[in-house]
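1. no sequence for this one, just the structure:
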């Protein structure tokens, strides 16, 4: 639940090498008609004031979300 007095942030770590998915971005995998990260964002947005997505390829997320999107500094 969002608080009126304290701002709380959440971070989604969407980095990694995706080796078990043959290089495919797991966060963008679909379950039914929504991607995994879409489902996460719809829940997290109700609970936190700010959301940060940390990803190897931040460009995959820029046009999808209004979250603060940052490049993962650990690429391996």
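-> That came in fine, so what should we check first? A quick note: this is a predicted structure, and the numbers were derived from the prediction, not measured.
2. For the rest of this, base every contact and every neighbour count on C-alpha atoms.
-> Will do.
3. For stretch 50-64, buried residues please.
-> Residues of stretch 50-64 classed as buried: 51, 53, 54, 55, 56, 57, 58, 61 (neighbour count, 16 or more other Cα atoms under 10 Å).
4. May I see the residues you listed arranged in JSON lines, with distance to residue 8 as well?
-> Shown next, in JSON lines, are the buried residues of stretch 50-64 (distance: Cα to Cα, whole Å):
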{"residue": "51", "distance to residue 8": "9"}
{"residue": "53", "distance to residue 8": "15"}
{"residue": "54", "distance to residue 8": "17"}
{"residue": "55", "distance to residue 8": "20"}
{"residue": "56", "distance to residue 8": "24"}
{"residue": "57", "distance to residue 8": "25"}
{"residue": "58", "distance to residue 8": "22"}
{"residue": "61", "distance to residue 8": "21"}
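5. Go through these and name the one nearest residue 33.
-> residue 61 (17.5 Å; Cα to Cα).
6. looking at it, that closest one is touching residue 69, isn't it?
-> Yes. Using Cα atoms under 8 Å, residue 61 makes contact with residue 69 at a distance of 7.2 Å.
7. Spit out the residues that contact those two alike.
-> Overlap of the contact sets of residue 61 and residue 69 (by Cα atoms under 8 Å, 6 or more residues apart in numbering) is empty.
8. with the buried residues of stretch 50-64 in mind, which one is nearest to residue 20?
-> residue 56 (15.7 Å).
9. from the buried residues of stretch 50-64, which ones fall inside strands?
-> Among the buried residues of stretch 50-64, the ones falling in strands (DSSP state E) are 51, 53, 54, 55.
10. Dig out what the first one forms beta bridges with.
-> It stands for residue 51. According to DSSP bridges, the residues that bridge with residue 51 are residue 10.
11. and what of the last one?
-> When bridges are assigned using DSSP bridges, the partners listed for residue 55 are residue 14, residue 71.
12. give the contact list for it.
-> Counting by Cα under 8 Å, 6+ apart, residue 55 has contacts 13, 14, 15, 16, 69, 70, 71, 72.
13. Between which two of those is the distance greatest?
-> Among these, 16 and 69 lie farthest apart (Cα to Cα), at 15.2 Å.
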